[in-house]
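Undergrad: no sequence on this one, just coordinates:
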Ligand SMILES: NC(=O)NC(NC(N)=O)C(=O)[O-]
């Protein structure tokens, strides 16, 4: 699987990609046939689902997901989701957490790319608990029942801790903007996570325009890391500033730190270990400005950081992923930003005078020493069209 860190057992590789439908990157539910017990918008929440045993609403038991009525009429329930970041999808997690006697017994997922279709004003009054006639009329213009099936009808498992994740890999290289989630015939689903890589239209970029080449919205993706104990490194390329510590990359405390710490003459800690995360840029380019934001990391910011770069084809990247990046790029990593001392809860900006001249690159590795948390990584630069033809990315 190109682009994802290979894992030998356990959860599927595609979980390493970005969640393109998450509300935190702009994902939205545009329409749902029924939302009696719980609204479909919950499907896209960033936080893991929760269960509050004593929470009830006037409609029934409060549930953290999308839950429809027990159907007493023909048909099945479905909703339309607009991805926050259009892109290619590698897999889904249909998470039924806490829906046990009321989970949807089966589901399917359809997809469309509606860039060329004028946007329909589907987002309407969500206070009605079932779709109105007018909403049905609007949504029928999309002919979503004819969209391509990425996941055919599959049985789902109930939402007990041991069975709540229903993983579906996808092999489709086409760009997707909208999804239709069908549940058969009714019931509850806690979350729909849509794992993929953003794909933007680079033709609109002006020559020499500076763009954040690693941003999730520009197609950046994490392709390997050493430790993600408290937070995945992909969080660093999300939208805006981090909401809290959970919205950043945070590693566990390294256990190989000396029991009594010392620094060198520049004040950098003398420790043997470090943690790292590798990203593929959304488009190869020349990086001229870096931001490393330790927002919210106050008692657990890294002592120092360093940034390295390289250029890889898809095949070379796959080799590196297979070895968990122990075999580096053939030409080696080059230093873009030499070691820098970091501060707690602070935005650190580095421009050309702090950066070493590396030319156009496709991949970046952020080191932190010895461990800790970084909330955002921004890599501004100019896209390199030449590198696209050499490496095949973009
Ligand atoms: N106890 C329940 O969850 N009942 C019903 N669901 C909610 N949310 O009240 C149901 O079975 O559809």
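TA: It's in. Worth saying up front: this structure is predicted, and the values here are computed from it rather than measured.
Undergrad: C-alpha from now on. contacts and neighbour counts both.
TA: Will do.
Undergrad: All the strands of the stretch 151-300 of the chain, residue numbers only.
TA: Ranges of strands in the stretch 151-300 of the chain, per DSSP state E, counting those that start in this stretch, are 165-169, 176-184, 188-189, 191-198, 211-212, 221-225, 249-250, 275-293.
Undergrad: want to throw those into CSV with mean neighbour count, mean pLDDT and distance to the ligand?
TA: Output for these, formatted as CSV (neighbours: other C-alpha atoms under 10 Å; pLDDT from 0 to 100; distance: least, C-alpha to the nearest ligand atom, whole Å):
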stretch, mean neighbour count, mean pLDDT, distance to the ligand
strand 165-169, 18, 98, 19
strand 176-184, 23, 98, 14
strand 188-189, 32, 98, 8
strand 191-198, 25, 98, 15
strand 211-212, 22, 98, 43
strand 221-225, 26, 97, 37
strand 249-250, 26, 98, 35
strand 275-293, 23, 97, 41
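Undergrad: among those strands, which is nearest residue 260?
TA: Among the strands of the stretch 151-300 of the chain, the nearest to residue 260 by C-alpha to C-alpha is strand 275-293 (19.9 Å).
Undergrad: Can you tell me the strand partners of the following helix or strand past the closest one and which way each runs?
TA: Proceeding N to C from strand 275-293, the next assigned helix or strand is strand 304-310, under DSSP states H and E. With DSSP bridges as the test, strand 304-310 is paired with strand 334-341 (antiparallel), strand 360-369 (antiparallel).
Undergrad: what does the helix or strand following the last one rub up against?
TA: Moving toward the C-terminus from strand 360-369, the first helix or strand encountered (DSSP H and E) is strand 373-374. Outside of strand 373-374, the residues that reach it under the criterion C-alpha atoms under 8 Å, 6 or more residues apart in numbering are 236, 245, 248-251, 292-295, 297, 300-302.
Undergrad: how does it look with 6 Å?
TA: 248-250, 294, 297, 301 (C-alpha atoms under 6 Å, 6 or more residues apart in numbering).
Undergrad: Out of the strands paired with strand 304-310, which gets nearest to residue 145?
TA: Of all these, strand 360-369 comes closest under C-alpha to C-alpha, at 39.1 Å.
Undergrad: Give me the spatial nearest neighbour of whichever residue of the stretch 101-250 of the chain sits closest to the ligand, chain neighbours excluded.
TA: Going by C-alpha to the nearest ligand atom, the ligand is nearest to residue 102 of the stretch 101-250 of the chain, at 4.9 Å. Leaving aside its chain neighbours, residue 102 sits nearest to residue 187 (5.4 Å; criterion: C-alpha to C-alpha, 6 or more residues apart in numbering).
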